[in-house]
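Trainee: My questions concern the predicted model and sequence given below.
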Amino acid sequence: MKTLTLGRTDITVTDWCLGTMTFGNQTPQDDAHRQIDMALDAGLNFMDCAEMYPVNPVSKETAGRSEEYLGAWFEKSGRRNDWVLATKVAGPNGGFVRDGAGYTGANIEGAIDESLRRLKTDMIDLYQLHWPDRGTWAFRNNWTYDPSGQDRTQTLDHMHDVLSGLEKAVKAGKIRAIGLSNETAWGATKWCDLAEEHKLPRMATIQNEYSLLCRHIDTDLSETMVNEDVTLLSFSPLAAGLLTGKYQNGVIPKASRMDLNVDLGGRKTDQVFDAVQGYLDIAAKHDLDPVHMAMAWQATRPFAVSAIFGATTAEQLEQILAGRDVTLSDAVLTDIATVYKAYPMPY
């Protein structure tokens with residue numbers, strides 16, 4: 001693993017980040033705490049959560065439980081300072097959180113306080129906006145995305161209002177840095193522009209889906225990240241488990257994500273399994289674990305990336321961590337490019 005700096009901050013993290021969205025649902029607390037220990041022992045220092053986690057499914061009854069599991073580990077271990085801690089405030093898509101109010105300059109401090117309480121800490125290193133208030137093309141919404149109904153003035157006013165609320169939290173020492181999630185190139189640019197214009201906290205990161213199977217951000221958003229110094233926190237680098245190969249040939253392991261979420265959030269398509277097989281064949285040709293290949297590929301991108309990966313069990317995490325020092329040869333990257341051209345958008 002390598003280390004990198006988040007945006008224009010002084011926060012240094014590993015280029016792998018432990019995702020915790022299954023903690024409290026698929027992953028019980030004892031296993032979750034074991035995973036935190038394992039990741040720390042493997043050299044990771046970066047961990048990501050959200051106030052609406054766990055997922056599969058997301059529900060009002062479990063919202064906040066993942067943060068509570070992290071808080072219990074911090075309290076038990078006394079090792080809060082060993083981690084760069086990231087979490088997220090729910091946007092209007094988290095309908096049961098604040099009754100769908102999303103985040104505003106007025107209510108975001110209360111949301112931060114609730115996360116701090118659950119996490120049993122007095123400071124969050126990176127606080128992210130989980131979903132744009134105006135909507136986004138993420139999560140397969142790209143097929144029908146229509147921004148024509150957006151009100152530009154209203155959007156910019158909302159951004160300024162939220163940045164003003166976040167500034168208060170930064171000055172109070174409750175958060176160190178801020179970031180985005182599921183944002184667009186235009187949105188990310190305007191957040192940065194407004195911050196600079198009004199001398200408000202600047203977005204350091206953007207957490208969007210990115211994997212061998214999902215490369216939308218390679219176009220305009222990559223240019224935004226490079227020119228605006230916004231670090232990518234890529235989620236689903238294993239494409240919700242598809243890139244492990246465990247779902248090939250119609251197999252659906254019991255209690256797996258596909259067992260709980262039949263279409264994997266729109267990722268299960270007629271062509272995706274052919275694309276996956278192409279990448280599995282590359283891994284076999286070069287004697288690589290396909291999981292390790294998919295994770296190592298993230299480090300080859302022409303922009304800064306910290307890849308957020310999750311594991312339902314400690315055993316799965318052990319397999320992923322075993323590849324933390326794998327690098328890919330030019331021959332592997334050439335083969336990957338060939339498969340990508342054949343299957344540029346499998347879902």
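Mentor: Great, that's in hand. Numbers count the residues shown, from 1 in each chain.
Trainee: does the closest residue to residue 130 other than its chain neighbours sit in a helix or strand, and which one?
Mentor: Of all residues not flanking residue 130 in the chain, residue 88 sits nearest, at 4.1 Å (CB to CB, 6 or more residues apart in numbering). (C-beta placed from N, C-alpha, C; glycine too.) Per DSSP states H and E: residue 88 is located in strand 84-89.
Trainee: in this protein, which helix or strand is least confident?
Mentor: helix 257-260 (a mean of 91; mean pLDDT, DSSP states H and E).
Trainee: Contacts for that one next, please.
Mentor: Identification of contacts with helix 257-260 by CB atoms under 8 Å, 6 or more residues apart in numbering yields 26, 56, 57, 240, 241, 247, 252, 253, 264, 268, 312.
Trainee: From those residues, list just the buried residues.
Mentor: 26, 56, 240, 241, 247, 264, 268, 312 (16 or more other CB atoms under 10 Å).
Trainee: what about the third one, distance to residue 46?
Mentor: Residue 240 sits at a distance of 21 Å from residue 46 (criterion: CB to CB, to the nearest Å).
Trainee: what does the fourth one give?
Mentor: Summarising the geometry, the distance separating residue 241 from residue 46, computed by CB to CB, is 21 Å.
Trainee: Provide a complete list of residue ranges assigned to helices in the stretch 51-200 of the chain.
Mentor: 65-77, 108-119, 152-171, 185-198 (DSSP state H, counting those that start in this stretch).
Trainee: tell me which residues of the last one are tucked away?
Mentor: Using 16+ other CB under 10 Å as the burial criterion, the residues of helix 185-198 that qualify are 185, 187, 188, 189, 190, 191, 192, 194, 195.
Trainee: ok, the second one - contacts?
Mentor: If a contact means CB under 8 Å, 6+ apart, then residue 187 has 132, 134, 136, 180 as its contacts.
Trainee: Mind checking which of these are in strands?
Mentor: residue 180 (DSSP state E).
Trainee: for the contacts of residue 187, which one is nearest residue 81?
Mentor: residue 180 (25.7 Å; CB to CB).
Trainee: so where do the strands sit in the stretch 151-300 of the chain?
Mentor: 175-181, 203-209, 231-235 (DSSP state E, counting those that start in this stretch).
Trainee: that older thread, any chance of the helices of the stretch 51-200 of the chain in CSV, with mean pLDDT and distance to residue 209 too?
Mentor: Output for these, formatted as CSV (pLDDT from 0 to 100; distance: least, CB to CB, whole Å):
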stretch, mean pLDDT, distance to residue 209
helix 65-77, 98, 19
helix 108-119, 98, 23
helix 152-171, 98, 22
helix 185-198, 98, 15
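Trainee: Looking at the ones you listed, which is nearest to residue 337?
Mentor: It's helix 185-198; of the helices of the stretch 51-200 of the chain, that one is closest to residue 337 (CB to CB) at 23.0 Å.
Trainee: Distance from the closest one to the middle of the chain?
Mentor: Here the centre of helix 185-198 is set off from its chain's centre by 21 Å, with CA atoms, centre = their mean, to the nearest Å.
Trainee: Next: stretch 215-226.
Mentor: Taking mean C-alpha positions (CA atoms, centre = their mean), stretch 215-226 and its chain are 16 Å apart.
Trainee: Just the residues contacting it, thanks.
Mentor: In contact with stretch 215-226 (CB under 8 Å, 6+ apart) are residues 137, 142, 184-185, 188-189, 206, 208-210, 230-232, 301-304, 340, 344.
Trainee: at 7 Å instead, please
Mentor: Stretch 215-226 has contacts (CB atoms under 7 Å, 6 or more residues apart in numbering) with 142, 185, 188, 189, 206, 208, 210, 230, 232, 302, 303.
Trainee: Can you give me the buried ones in it?
Mentor: Buried residues in stretch 215-226 (16+ other CB under 10 Å): 216, 217, 221, 222, 224, 225.
Trainee: Of those residues, which is the nearest to residue 160?
Mentor: residue 224 (19.2 Å).
Trainee: Nearest spatial neighbour of that closest one, chain-adjacent residues omitted?
Mentor: residue 185 (4.5 Å).
Trainee: Check the gap between that neighbour and residue 31 for me.
Mentor: Taking CB to CB, one finds residue 185 at 38 Å from residue 31.
Trainee: Buried residues, the helix or strand encompassing residue 35. List them.
Mentor: According to DSSP H and E, residue 35 maps onto helix 29-41. Within helix 29-41, the residues that count as buried by 16+ other CB under 10 Å are 31, 32, 33, 34, 35, 36, 38, 39, 40.
Trainee: Now that helix: average pLDDT?
Mentor: Helix 29-41 comes out with an average pLDDT of 98.
Trainee: Fine by me, thanks again.
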